[in-house]
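# any chance you could fold what I've pasted below:
(2 chains)
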2 protein chains.
Amino acid sequence: MKNSSYLYLQFADRIEKQIKSGVLNVGDKLPSIREVCAETGYSMSTVSKAYYEVESRSLIESRPQSGYYVSNISSRIITEPSSSKPALSLQNIESEDLIDLVYGDMKKEVTMLSLGFPSNELLPIAKLNKGMVQAMRSLPNSGTSYEDIQGNPNLRKEIARWSFSWGGSLTEEDIITTPGCISAISDCLMTLTKPGDTIITESPVYFGVLQLAKSLGLYVMELPTNMTTGIELEALKKVLAAKKIKACVLMSNFSNPSGSSMPVEHKKEAVRLMEFYNVPLIEDDIHGDLYFGSSRPTNCKTYDESGIVLCCSSVSKTLAPGYRVGWVSPGKFKKEILRTKLYHTISSPTITHEVVGDFLKNGRYENHLRKIRQILNRNCTNYINTVLESFPSGTKVSQPQGGFFLWVELDKKIDTTAFYHLALKHNISIAPGRIFSFQNQFSNCMRLSFGLPWSNELRASIQILGKLAEKQL
Amino acid sequence: MKNSSYLYLQFADRIEKQIKSGVLNVGDKLPSIREVCAETGYSMSTVSKAYYEVESRSLIESRPQSGYYVSNISSRIITEPSSSKPALSLQNIESEDLIDLVYGDMKKEVTMLSLGFPSNELLPIAKLNKGMVQAMRSLPNSGTSYEDIQGNPNLRKEIARWSFSWGGSLTEEDIITTPGCISAISDCLMTLTKPGDTIITESPVYFGVLQLAKSLGLYVMELPTNMTTGIELEALKKVLAAKKIKACVLMSNFSNPSGSSMPVEHKKEAVRLMEFYNVPLIEDDIHGDLYFGSSRPTNCKTYDESGIVLCCSSVSKTLAPGYRVGWVSPGKFKKEILRTKLYHTISSPTITHEVVGDFLKNGRYENHLRKIRQILNRNCTNYINTVLESFPSGTKVSQPQGGFFLWVELDKKIDTTAFYHLALKHNISIAPGRIFSFQNQFSNCMRLSFGLPWSNELRASIQILGKLAEKQL
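Residues are numbered from 1 along each chain as shown, chains lettered A, B, ... in the order given. From the prediction side, this is the model:
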């Protein structure tokens, strides 16, 4: 199925690569569809669809009665945002009020470029509703009773089966379900740390992790991070060797907010270091299934032989945030994590966990993911192009290979906290860079979510942001 | 409605009181239904139903062609279990493995007298399923999206309205919903304490509170508790005056496991003390709606004017444990509790919270509660009678006025942990007293849940327990 139906996507990706690498330049005419068919052996339909796909990414444009040409937008040189250089110390500056503000926008009629959950258009709501009716019939007592403490067995079985996609070989016994990914991370941190302990994170790091750490009285050591390859291993090694660290929290794939992904060798080395220093690695793999490339990337758990990795995820970014379905494969900490779950939550919502367990069966989830990945990939390209088009020159933007987020670095003179308030007056909400660190960093950065469906209105919103940024200079 | 349809219950309660107080004695003939109608003005139907109700409580029996007589069982003198006298120190003995065992029984084919959730027969499953279908239609995106951080507004409004039943006057702004009551208590403890702090509880106390405390690194000061009137106020006052206490966790109504209820004056005085010493009172009111008397008892929150009481509850004992619907009215700690909820769980399951919000409207919940209360009241009487009938003389049993639990005190020679294992061999699971304290107490006590529907099989199970206890002596 992958090879026939999605051939056109592979071909589109190849064209994109040729444009970005300069093999094809602005204004170049692409070979006609007929010519390509003759050369490649693809069908007319495959080639048309591929050209249409590349056009929807704004990389080529069709000129009537002439053919396809590489568009002007595609020529912009994309500059990656700078690596972070946080102080290797335990600063702790409050940004809670700012986070409260950003969350508060949820209630208003604003274009939410700030928050990272899928727009409703991306969710298979009708199919989930069918699943809900089915679950009411099939579950004992229609799902009004508590489920097993370790979690719904069907769901655990499917998550375990799914682990093959990233090279894992989990069984249902290796999974504990939770009401969402953050609950899983919370259970891990509560189990592994006590107040006064220090944990390691990337920098910038998802503010939810900072808030959890603060709520648990933990110190956070933010490490230098490359916006493409993730946490810097030299720094990681140095800190693990020098300090007493109780846990490390990482997103190895399509990190929030930077969009970085650790190369395979980095993942392996990170796991090796954790094993060597006996420091548990809490891996947040919530974006792992949302890759834009041709196959599912591995995660750190893939290379974990000793059980030092606690891999957390959920379907909140792909199926239904409101269902509260997440999980952790806790490695050697299973017994302790199970207790923490029991003590603090007893049980997850029975019915929604059954629905998701059922949805994961029979390839339905994979079909759905293909669609959502394709839309996000297209959105991402459109967002990047529009940012480059509209923002002052010198603006740097990340090039995530999956996930939900762009990391945008503006001129140093622009304070994105002030910019946040300014944008909100235009009914656009962005996530200011400051909330992704306990240190005074990223004041000229912002995170944009590309989970909203692409439209002319959205393009206009990003253009407005660009003009506002221009004015700030 | 209350006055007409449920007149017979009030009358039945009066007859029960007359029997228990000795106004009516074993073998006494009750006046005929006709006579009662003439005396009281009640209808034939009301009086018949009342007699039938008292008969179902095993307090009277009908003899063919003769009438109703006070039964033999009713004469047993019920001795209340002893007040607890825990050491006023911070002992901490592990009973986790034992709790794990008791929870583990859930999977097996055993008569679960150990666990305190409603049996399926008590739940309005068909109505909830209808509500679920309705909620899929009415909720934006069929409930797949996150809800408000403070929780579903309909549900909060209905919980606020419901507070009138215990003399409260909350608004929806005074409620934060959570995925269950234990999550609410967990959020309160996480917000108000840090490791090394000391909290106060009753003794015996719900083991879930002990587990939470342990998981958060808290010391627990268990206070002397009367099995009828709850925590002893003199002790409470003394400890509050002498020690630095960070919070107090109490069940003022139908406590788990003792079944005790604090008299109104005790509730008032407890709140006064908490205010005076500025110690937050986390009140677990999960059994409050399950009263056997004629009206809803007040709780500590009723008398809270300064916001020192954080009142937690849920529908897990009355509607649907698997729905994960709970809440807290956090008094003056609202902002902090809201943050803890956000950091550790983000959001509750959207759809089940909507369903319960809807169920609470239009008196459906009250109708359902009337039924469940009546069944529990009848179960309770039957359990007590069968325990008194079957267990060795000298066995003491609590007389809860609501809730789910009987507290049974056996001869000092009987170790209920060994007894637990013995009973399990007969496929009966009880909750041994030892798990309700961090101290070495209650080894001759056990908790029996009367949430299972009364039947001859259940009577036989309790009779088996009685025989096993007899053998132990």
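# now the nearest residue to residue A:161 once chain neighbours are set aside: how far from residue A:156?
Of all residues not flanking residue A:161 in the chain, residue A:360 sits nearest, at 7.8 Å (C-beta to C-beta, 6 or more residues apart in numbering or on different chains). Using the backbone N, CA and C atoms, a C-beta is placed for each residue, glycine as well. Distance of residue A:360 to residue A:156, computed by C-beta to C-beta, to the nearest Å: 10 Å.
# the two: who's more crowded?
Higher neighbour count among residue A:360 and residue A:156: residue A:156, with 24 against 21, using other C-beta atoms under 10 Å in any protein chain shown.
# pop out the phi and psi values for that one.
phi -60, psi -40 (degrees, to the nearest 10).
# residue A:172 is in contact with that one, correct?
Yes - between residue A:156 and residue A:172 there is a contact under C-beta atoms under 8 Å: 3.9 Å.
# identify the residues contacting the residue nearest to residue A:161.
A:155, A:158, A:159, A:161, A:162 (C-beta atoms under 8 Å, 6 or more residues apart in numbering or on different chains).
# where does the prediction get shaky in chain A?
For chain A, the stretches with pLDDT under 70 are A:1-5, A:73-78, A:89-94, A:105-108.
# most distant residue from the middle of it?
Within chain A, residue A:65 marks the point farthest from the mean C-alpha position, 40.7 Å out by C-alpha atoms, centre = their mean.
# where does that residue sit: helix, strand or coil?
Under the three-state scheme (DSSP: H, G, I helix; E, B strand; the rest coil), residue A:65 adopts coil.
# rewinding a little: buried subset of the contacts of residue A:360?
Burial by neighbour count, judged by 16 or more other C-beta atoms under 10 Å in any protein chain shown, picks out A:155, A:158, A:159, A:162 from the contacts of residue A:360.
# for chain B, see how far away the spatially most central residue of chain A is.
Compute the mean C-alpha point of chain A, and by C-alpha atoms, centre = their mean the closest residue is residue A:403, 3.2 Å away. Distance, residue A:403 to chain B, by C-beta to the nearest C-beta, to the nearest Å: 18 Å.
# excluding sequence neighbours, find me the nearest residue to that residue.
What sits nearest to residue A:403 in space, not counting adjacent residues and going by C-beta to C-beta, 6+ apart, is residue A:254, at 3.0 Å.
# contacting residues for that neighbour?
Residue A:254 neighbours (C-beta under 8 Å, 6+ apart): A:260, A:261, A:287, A:288, A:290, A:291, A:400, A:401, A:402, A:403, A:404, A:405.
# tally of neighbours for residue A:214?
Neighbouring residues of residue A:214 were enumerated by other C-beta under 10 Å; the total is 17.
# do the same with the one 5 residues further on
Burial of residue A:219 is recorded as 20 neighbouring residues (other C-beta under 10 Å).
# correct me, but it touches residue A:196?
Yes - contact criterion C-beta under 8 Å: residue A:219 and residue A:196 qualify, at 7.4 Å.
# so residue A:333 sits against residue A:191, correct?
Yes - between residue A:333 and residue A:191 there is a contact under C-beta under 8 Å: 6.4 Å.
# identify the contacts common to the two.
Residues touching both residue A:333 and residue A:191 (C-beta under 8 Å, 6+ apart): there are none.
# rewinding a little: any idea how far the residue farthest from the centre of chain A is from chain B?
44 Å.
# dump the residue contacts of that residue.
So residue A:65 contacts nothing (C-beta under 8 Å, 6+ apart).
# distance check, it against residue A:32.
Residue A:65 is 12 Å from residue A:32, by C-beta to C-beta.
# cool, residue A:406 as well?
34 Å.
# okay, the two: which has more neighbours?
residue A:406 (24 against 14).
# nearest residue to that one in space, please, no chain neighbours.
Here the residue nearest residue A:406, using C-beta to C-beta, 6+ apart, is residue A:448, at 4.5 Å.
# mind checking how far the residue nearest to residue A:161 is from residue A:383?
29 Å.
# surely residue A:203 touches residue A:445?
No - taking C-beta under 8 Å as the definition, residue A:203 is not a contact partner of residue A:445, at 11.4 Å.
# shared neighbours of these two, which are they?
residue A:436.
# returning to that earlier point: the contacts of residue A:360 in helices, which ones?
A:155, A:158, A:159, A:161, A:162 (DSSP state H).
# do you know how far the residue nearest to residue A:161 is from chain B?
For residue A:360, the distance to chain B - C-beta to the nearest C-beta - is 16 Å.
# equivalent analysis for residue A:134, please.
Taking C-beta to the nearest C-beta as the measure, residue A:134 falls 12 Å from chain B.
# other SSEs contacting whichever strand or helix holds that residue?
Using DSSP states H and E, residue A:134 sits in helix A:125-138. Applying 3 or more C-beta pairs under 8 Å, 6 or more residues apart in numbering or on different chains; DSSP states H and E, one finds that helix A:125-138 contacts helix A:350-359, helix B:125-138.
# could the ones you listed go into CSV alongside distance to residue A:9 and mean neighbour count?
Converted to CSV, the helices and strands packed on helix A:125-138 look like this (distance: least, C-beta to C-beta, whole Å; neighbours: other C-beta atoms under 10 Å in any protein chain shown):
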stretch, distance to residue A:9, mean neighbour count
helix A:350-359, 23, 27
helix B:125-138, 33, 17
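# mind putting the ones you listed in TSV, distance to residue A:140 included?
Shown next, in TSV, are the helices and strands packed on helix A:125-138 (distance: least, C-beta to C-beta, whole Å):
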stretch	distance to residue A:140
helix A:350-359	9
helix B:125-138	10
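# closest to residue B:282 out of the ones you listed?
Nearest to residue B:282 among those is helix A:350-359 (26.3 Å), distances taken as C-beta to C-beta.
# packing partners for the next helix or strand after the closest one?
Using DSSP H and E, the helix or strand that directly follows helix A:350-359 along the chain is helix A:364-390. Packing contacts for helix A:364-390, counted by 3+ C-beta pairs under 8 Å, 6+ apart, involve helix A:44-56, strand A:396-397, strand A:405-409, helix A:456-472.
# quick one, which of those is packed in tightest?
strand A:405-409 (a mean of 25; mean count of other C-beta atoms under 10 Å in any protein chain shown).
# also compute the angle for the next helix or strand after it relative to strand A:405-409, please.
Later in the chain than strand A:405-409, the nearest helix or strand by DSSP H and E is helix A:416-425. In terms of direction (axes from the mean of the first three to the mean of the last three C-alpha atoms, to 10 degrees), helix A:416-425 departs from strand A:405-409 by 120 degrees.
# quick check, nearest of the contacts of residue A:254 to residue B:466?
For the contacts of residue A:254, the nearest to residue B:466 is residue A:288 (57.0 Å; C-beta to C-beta).
# tell me the contacts of residue A:187?
A:178, A:328, A:337, A:340, A:341, A:344.
# no further questions, thank you.
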